[in-house]
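In: need a 3D model of the sequence below.
(one chain, ligands or ions: 1)
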Amino acid sequence: MNSNPKPVFSNPAFRILKKDGEPCRRLFDELSLLNYACRPFADDTYLYLPLTNRPDGDQLTAILSRLSHLESFALISSFSLGGDSAGEKLLLEKFILDADFAVQEKQLTVTDILGYAVAYEMVGDIAVIDDKSVSEKTPDVVSEIAAAILAAHPGIQTVLLSRGPVSGEFRIRDLEFIAGDNKTATVHKEYGCAYKIDLGRAYFTPRLSTERARILSQIQEGDFVIDMFAGVGPYSVLIAKNAKPSMVVANDKNEAAVSLLIENIALNKVKNVVALNLDAIDLGREYAGKGGHVIMNLPHNACDFLDTAVELTKPDGVIHYYAMTNDDDLFDGEIEKIRTAAEKQGRTIEVVEKRNVRSYAPHQYNICLDVRIR
Ligand SMILES: C[S@@+](CC[C@H](N)C(=O)[O-])C[C@H]1O[C@@H](n2cnc3c(N)ncnc32)[C@H](O)[C@@H]1O
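Out: Below is the predicted model:
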């Protein structure tokens with residue numbers, strides 16, 4: 001018998017299918033909705049995430065608009081967008097309940113240790129500090145921050161400092177080694193897939209994981225998918241592993257990214273992925289008219305490749321077009337670029353979905369447009 005039972009208390013819980021746990025946990029963390037004093041738990045089917053409060057109007061709208069593509073929310077997806085009160089009511093009734101949580105033993109966070117917050121992201125066992133958040137700090141203070149990250153995250157082996165955002169044609173970061181093991185390569189796990197990553201040689205960010213899952217949810221059995229800017233393969237491998245596409249063509253101009261992509265295809269034992277090392281502009285020669293889904297994840301200049309993307313897309317296929325836009329014109333300007341490219345080839349468009357994926361800089365957003373090409 002346990003002579004020292006952990007205290008248990010009743011607290012609002014958000015109950016979702018276990019497979020949908022990670023995107024929910026991330027969004028709730030972003031919305032400051034997770035109660036870290038309670039330990040989440042699961043039964044055979046569901047995960048129970050402890051909440052700080054019953055979500056209010058804005059929080060419910062954010063949950064509906066960002067997560068309604070998940071299987072857990074199939075019931076309410078028809079009510080999903082735009083602060084719909086019927087959808088919000090269903091969300092409160094079906095997903096939020098009171099549950100008994102055990103007290104979470106306190107794991108010190110980086111903020112607890114330092115007394116202030118710093119921005120960093122974790123890729124596999126590497127933490128990358130955002131240099132904007134430490135621009136006023138001396139090298140000694142940056143070393144203290146790295147030590148705090150290593151102490152708060154026992155799985156982290158390396159701390160790097162990113163000097164500026166990703167840049168250049170291959171979207172690579174300028175990285176400086178700060179602490180731990182001096183390396184830029186790691187293995188990152190996401191949605192049941194493992195990816196070999198080398199942050200010094202090829203692009204990767206964990207921040208698009210929910211977005212990748214959203215695209216996955218649109219792929220049907222037998223679809224032909226063309227990932228024009230595939231990087232190390234986080235869209236292509238995820239789709240090949242979890243949907244049943246007839247084929248995924250995964251292309252990147254960066255030879256180092258394609259080497260890692262080939263390793264990731266093998267690591268995840270996925271079939272039906274063809275890895276190519278071409279300039280995406282040349283994909284039309286072999287794959288014109290084949291794409292049921294064409295993924296254009298090159299947000300800073302995907303518009304330069306729209307003629308090729310339209311050419312690649314079969315009638316009624318969908319282009320997933322990423323861009324960086326300002327809050328004074330989030331979607332319309334980019335939709336016009338897609339319409340113009342389609343009309344040049346005698347095609348018309350239907351906008352299926354407009355998505356504000358994440359904030360990128362003040363007033364600047366990374367958006368995605370899912371556009372059917374007729
Ligand atoms: C923003 S990254 C996205 C990578 C991947 N989709 C992901 O989510 O991690 C854009 C990628 O496009 C590649 N790229 C840039 N210009 C290209 C071109 N002309 N043709 C093919 N790939 C290109 C870069 O090397 C980079 O890997």
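
In: count the neighbours of the residue of the stretch 201-350 of the chain found nearest the ligand for me.
Out: Relative to the ligand, the nearest point of the stretch 201-350 of the chain is Gly231 (2.7 Å; Cβ to the nearest ligand atom). Yep, even glycine has a C-beta here, placed from its N, CA and C like the rest. Counted with other Cβ atoms under 10 Å, residues neighbouring Gly231 total 27.

In: follow the chain on from the helix or strand where Ala256 lies and name the next helix or strand.
Out: Using DSSP states H and E, Ala256 maps to helix 255-267. Note on helix 255-267: by DSSP H and E, the next helix or strand toward the C-terminus is strand 273-276.

In: can you pull the buried residues of that next one?
Out: Of all the residues in strand 273-276, those buried under the rule 16 or more other Cβ atoms under 10 Å are Val273, Ala275, Leu276.

In: so what are the sheet partners of it and their directions?
Out: Its sheet considered, strand 273-276 pairs with strand 247-251 (parallel) by DSSP bridges.

In: thinking again about what came up before, touching the ligand at all, the helix holding Ala256?
Out: Yes. Judged by Cβ under 6 Å from any ligand atom, helix 255-267 and the ligand are in contact via Ala257.

In: His293 and Asp223 touch, don't they?
Out: Yes. With contact defined as Cβ atoms under 8 Å, His293 counts as touching Asp223 (5.8 Å).

In: give me the element the residue nearest to Val123 when sequence neighbours are not counted is part of.
Out: Spatial nearest neighbour of Val123, excluding adjacent residues (Cβ to Cβ, 6 or more residues apart in numbering): His188 at 5.1 Å. Using DSSP H and E, His188 maps to strand 185-190.

In: right, and the helix or strand after that strand?
Out: That would be, after strand 185-190 and using DSSP H and E, strand 193-198.

In: before we move on, back to that, residue contacts, the residue nearest to Val123?
Out: Val123, Gly124, Ala194, Tyr195, Ile197, Phe204, Pro206 (Cβ atoms under 8 Å, 6 or more residues apart in numbering).

In: and for Asp252?
Out: Ala202, Phe229, Ala230, Gly231, Val258, Leu261, Leu276, Asn277.

In: which bits of the stretch 101-250 of the chain sit near the ligand?
Out: Residues of the stretch 101-250 of the chain lying close to the ligand (Cβ under 6 Å from any ligand atom) are Glu169, Phe170, Arg171, Tyr203, Phe204, Leu208, Phe229, Ala230, Gly231, Pro234, Tyr235.

In: can you add pLDDT and give the residues you listed back as a markdown table?
Out: A markdown table is the format used below for these (pLDDT from 0 to 100):
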| residue | pLDDT |
| --- | --- |
| Glu169 | 92 |
| Phe170 | 94 |
| Arg171 | 95 |
| Tyr203 | 97 |
| Phe204 | 97 |
| Leu208 | 93 |
| Phe229 | 98 |
| Ala230 | 98 |
| Gly231 | 98 |
| Pro234 | 98 |
| Tyr235 | 98 |
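
In: can I get the residues you listed in a markdown table including distance to Asn35?
Out: Below are those laid out as a markdown table (distance: Cβ to Cβ, whole Å):
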| residue | distance to Asn35 |
| --- | --- |
| Glu169 | 44 |
| Phe170 | 41 |
| Arg171 | 37 |
| Tyr203 | 35 |
| Phe204 | 31 |
| Leu208 | 27 |
| Phe229 | 39 |
| Ala230 | 38 |
| Gly231 | 36 |
| Pro234 | 30 |
| Tyr235 | 33 |
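
In: just the residues contacting the strand or helix carrying Ser236, thanks.
Out: Assigned by DSSP H and E, Ser236 belongs to helix 234-242. Defining contact as Cβ under 8 Å, 6+ apart, one finds that helix 234-242 is touched by 190-193, 195, 204, 208-209, 212-213, 215-216, 219, 225, 227, 230, 245, 248, 250, 261, 264-265, 268, 270-273, 295, 297.
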